[in-house]
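In: coords below, sequence missing:
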């Protein structure tokens, strides 16, 4: 008796990365009194904390952690991200190189090459308020995997439509791939 042909099993793909900035996406700033007549909502912080942290909505943490991805800080807050924001949300920190002269010449954000290097071909989404056309072009030219560069309006931070767009893109990237024979 012969054994039936076996289809190779697909290796599970690692989940996409989600690189997350703090200023703008999590800590909104810059809205006018006409846009927010009552000002920004505040959620309280410890007295020794950065006063901007009062704008950090603790409900963002569970919403971010529910996304099908691996969350990674992409912020200049560095160690302060872990000290002040992570206790509410809990994300690792990417170490940033200093901005280079090449970044200024190409017009890319100085984070862009570091994010692509960190991703190493893995699918990623980047949520920031400073993403521009040069960053999109640079990622298309230098990153072989799927990437979503999602610009957030810093006046309002992450909103329900942002979460909808991110969830749809991430779910499309985290589905198991069918093996072909």
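Out: All right, it came through fine. Note that the structure is predicted; figures quoted are calculated from it, not measured. Numbers count the residues shown, from 1 in each chain.

In: which parts of the lengthiest helix in the chain are buried?
Out: Criterion DSSP state H: the longest helix present in the chain is helix 160-174. Buried residues in helix 160-174, counted by 16 or more other C-beta atoms under 10 Å: 162, 166, 169-170, 173-174. (Glycine included, C-beta is placed from N, CA and C.)

In: just put the residues you listed in JSON lines and tack on distance to residue 129 and pLDDT.
Out: As requested, those are arranged in JSON lines below (distance: C-beta to C-beta, whole Å; pLDDT from 0 to 100):
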{"residue": "162", "distance to residue 129": "11", "pLDDT": "97"}
{"residue": "166", "distance to residue 129": "15", "pLDDT": "97"}
{"residue": "169", "distance to residue 129": "18", "pLDDT": "96"}
{"residue": "170", "distance to residue 129": "19", "pLDDT": "95"}
{"residue": "173", "distance to residue 129": "23", "pLDDT": "77"}
{"residue": "174", "distance to residue 129": "25", "pLDDT": "62"}
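
In: what residues does the longest helix of the chain touch?
Out: Residues from elsewhere that reach helix 160-174 (C-beta atoms under 8 Å, 6 or more residues apart in numbering): 13, 15-16, 18, 25, 63, 67-69, 123, 125, 127, 146, 148, 150, 152.

In: among those, the buried ones, what's the ChimeraX command?
Out: The ChimeraX command for the buried members of those (criterion: 16+ other C-beta under 10 Å) is given here:
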select :15,16,18,25,63,67,69,123,125,127,148,150,152
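
In: for the contacts of helix 160-174, which one is nearest residue 32?
Out: Distance to residue 32 across the contacts of helix 160-174 (C-beta to C-beta) is lowest for residue 152, with 17.5 Å.

In: right, and the closest one touches residue 24 too?
Out: Yes: counting by C-beta atoms under 8 Å, residue 152 touches residue 24, with 5.8 Å between them.

In: pLDDT-wise, which helix or strand of the chain ranks last?
Out: For the chain, counting by mean pLDDT, DSSP states H and E, helix 101-106 ranks last in confidence among helices and strands (a mean of 61).

In: buried residues in the very next helix or strand once past it, which are they?
Out: Using DSSP states H and E, the helix or strand that follows helix 101-106 in sequence is helix 112-119. Residues of helix 112-119 classed as buried by neighbour count (16+ other C-beta under 10 Å): 112-116, 118-119.

In: and which of these is nearest residue 78?
Out: Scanning the buried residues of helix 112-119 for proximity to residue 78, where the rule is C-beta to C-beta, the winner is residue 114, at 12.5 Å.

In: which regions of the protein sit below the pLDDT cut-off?
Out: For the chain, applying pLDDT under 70 flags the ranges 1-11, 90-106, 174-181.
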